[in-house]
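# Okay, predicted coordinates and the sequence, questions at the end:
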Amino acid sequence: MNRFDFLKSLGFTGAALMAAMTSCIREEDTVVDALTIPGPQSTAPTTSTGTSGTATSPGSTTGTTSAGVDLSTITNRLLTINLGTTTALKTVGGYVAQSGIVVAQVSTGVYVAVTQTCSHEPQKAIIFNRTEFYCTKHGARFDLTGKGLNSFGSRGLTVYKTATDGSTLVVYS
């Protein structure tokens, strides 16, 4: 029985389970703090050259990359984030959860956006944990392409395309 199964058998769920998991001394069990932004963000586009993002379907290991995108030409927007006011996305490892999407800065200037709904059980419990996405409800783990890293994550996550000009981040499908 692993730590996760043991804590679940004791009745830990949700935030209590996450607190117990992150209080462990193993470095890979720690979690960065999240900032959940209420309500919609401004969708005013900013025009410039964007950096690349990734998009895949659940379980897929290949993605499409969009670089040099004029943000004003993106029509199928799911989320627009002002990077100047969103402090959680200013550092590598930081993430936000908004409108059913988790957006994380995975390396300097590179953002990955995935659905917040876990494919194992349809609950909005996905967070970003250092180098992977993690479900706080039952421990499903996913890499940056959405591919599952354990049996709970075997169905993968939907990963969305991202584009940025350095001050605005657009998540789109």
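That came through, no problem. Numbering: from 1, shown residues only.
# Tell me the strands beside whichever strand or helix holds residue 79, with direction?
With elements delineated by DSSP states H and E, residue 79 resides in strand 77-82, which encompasses its position. Here strand 77-82 is paired, per DSSP bridges, with strand 168-172 (antiparallel).
# any idea of the mean pLDDT for the partner strand?
Averaged over strand 168-172, pLDDT sits at 92.
# just stretch 82-101 next, same as before
Rounded mean pLDDT across stretch 82-101 is 92.
# what comes up buried for that stretch?
Residues of stretch 82-101 classed as buried: 83, 86, 88-89, 93-98, 101 (neighbour count, 16 or more other CB atoms under 10 Å). From N, CA and C alone the C-beta is placed, and that goes for glycine too.
# can you check stretch 146-153 too?
Result for stretch 146-153 [16+ other CB under 10 Å]: buried residues 146-148, 152-153.
# Least confident secondary structure element in this protein?
Of the helices and strands making up the chain, the lowest-confidence element is strand 34-36, at a mean of 44, by mean pLDDT, DSSP states H and E.
# helices or strands up against the helix or strand containing residue 5?
Secondary structure assigned from DSSP H and E places residue 5 in helix 3-9. Packing contacts for helix 3-9, counted by 3 or more CB pairs under 8 Å, 6 or more residues apart in numbering; DSSP states H and E, involve helix 14-22.
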